[in-house]
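Peer 1: need coordinates for the following:
(one chain, ligands or ions: 1)
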Amino acid sequence: MKDFAGKIAVITGGGTGMGRELARQLVAEGCNVAMCDITADAMAETKRLCEVEKLPQGLRVTTHIADVSIEDQLKRFRDEIIEQQSTDRIHLLFNNAGIGGGGSLFTNTREQWERTFNICWGGVYLGVRTFLPLLVKADEGHIVNTSSVNGFWASVGLGVSHTAYSAAKFAVKGFTEALMNDLRLNAPHIKCSVVMPGHIGTSIVSNSRKIQSGNESERLSDNEILATRRRLEGMGIDTAPMSDEDIQQIAADRARSFRDEAPMTAAAAAKVILDGVKAERWRILVGDDAVKLDERVRLTPERAYTAEFLQSLVQEVGWRLG
Ligand SMILES: NC(=O)c1ccc[n+]([C@@H]2O[C@H](COP(=O)([O-])OP(=O)(O)OC[C@H]3O[C@@H](n4cnc5c(N)ncnc54)[C@H](O)[C@@H]3O)[C@@H](O)[C@H]2O)c1
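Peer 2: Take a look at the predicted model:
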């Protein structure tokens, strides 16, 4: 797809981060956008940002509440698009919504594990199922599934359990790679890409915590303070001398530095993704860190989960892990 003008794009998780920036850049190119998220406020802000520049006559930006892990809500999202965008077809589907957390079979509950897995994997799978009939009706279509570097490397450092997110992101990558041929055989006018970002500066750390805990506040609950102590101890940090207020501060700093000290912004990431779609690249690595990690894992797969691999990776790409 060389040009987005006049097309209709569906974006999941359009409220913040890369979803928001995808929406802004698509609208700037004259593309209609329908986004979903689980809260209305963030989407209202994305819509406002999209509309800062005067929209071309008739261009539509619509917002819809839907949890991507629940099929009925995705179906309602689809039906609202058909009505509010006056269409029976879409051209672009960005399965972008995702959260982290819940990564241990020991220290997290099954519910937490499955929440991450069902959003990160289920959301992509159900998104494709729900919107495929509308893509089939378009003259050309493109599905963009967001995985991660954790779709080919199942770690964020040796001190953190990361099974739910990694399992989901590997699934997204495998599914999308196999989907290419299913589309080639059955709907050759539709292409697909898997997106694998490295560290991108977004609010995913605090958003994930809020969704996982059900605690909307910026401050950790007592249970979250305990869980944070456990995580830090897993990383070899003695938390006994730390007060609860110290733990609050560490968690807030971590979320802030993840967002503000990343090697790439969400806007730059969205541009890489959209350029990749235009170039019809099925494999979109986002960020130098993702490119380097991909090379390293391929070069020495047996060493990928050793301390030496991590140390030299951190030195080369400048990551702070955990
Ligand atoms: N930021 C990174 O470093 C990074 C790296 C690799 C992959 N990713 C992936 O990129 C995607 C976008 O992440 P981001 O960093 O922009 O995070 P973000 O938290 O800024 O944006 C994700 C959005 O998805 C929404 N969302 C969460 N659960 C949802 C659900 N069940 N239904 C609908 N919407 C939901 C959130 O409310 C949020 O608005 C995610 O899939 C994430 O896993 C991010």
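Peer 1: near the ligand at all, stretch 68-80?
Peer 2: Yes: Stretch 68-80 lies within reach of the ligand by C-beta under 6 Å from any ligand atom, at 68-69. Every C-beta, even on glycine, is put in place using the N, C-alpha and C of the backbone.
Peer 1: for the helix ranked longest in the chain, packing partners?
Peer 2: In the chain, taking DSSP state H as the definition, the longest helix is helix 163-186. Where contact means 3 or more C-beta pairs under 8 Å, 6 or more residues apart in numbering; DSSP states H and E, helix 163-186 is packed against helix 110-117, helix 123-136, strand 141-146, strand 190-197.
Peer 1: can we see that at 7 Å?
Peer 2: Under the contact criterion of 3 or more C-beta pairs under 7 Å, 6 or more residues apart in numbering; DSSP states H and E, helix 163-186 touches helix 110-117, helix 123-136, strand 190-197.
Peer 1: need the residues that contact that helix.
Peer 2: The contact list for helix 163-186 (C-beta atoms under 7 Å, 6 or more residues apart in numbering) reads 100, 102-105, 113, 116-117, 120-121, 124-125, 145, 147-148, 150-152, 154, 190-192, 194, 282.
Peer 1: can you do 6 Å?
Peer 2: 100, 102-103, 113, 116-117, 120-121, 124, 145, 147-148, 150-151, 154, 190, 192, 194, 282 (C-beta atoms under 6 Å, 6 or more residues apart in numbering).
Peer 1: buried residues in it?
Peer 2: Buried residues in helix 163-186, counted by 16 or more other C-beta atoms under 10 Å: 163-173, 175-177, 179-180, 183.
Peer 1: distance between the helix or strand of the chain with the lowest mean pLDDT and the chain's centre?
Peer 2: Least confident helix or strand, the chain: helix 222-234 with a mean of 90, by mean pLDDT, DSSP states H and E. Centre-to-centre, helix 222-234 and its host chain are 25 Å apart (C-alpha atoms, centre = their mean, to the nearest Å).
Peer 1: now do the same end-to-end measure for stretch 93-106.
Peer 2: Stretch 93-106 has an end-to-end distance of 36 Å (criterion: C-alpha to C-alpha, to the nearest Å).
Peer 1: about what we covered before: quick one: which of the helices and strands packed on helix 163-186 is nearest Ala262?
Peer 2: strand 190-197 (9.9 Å; C-beta to C-beta).
Peer 1: that closest one - contacts with which helices or strands?
Peer 2: Applying 3 or more C-beta pairs under 6 Å, 6 or more residues apart in numbering; DSSP states H and E, we find strand 190-197 packed against strand 141-146, helix 163-186, strand 283-286.
Peer 1: tell me the mean pLDDT for the shortest one?
Peer 2: Confidence over strand 283-286, taken as the mean pLDDT, stands at 98.
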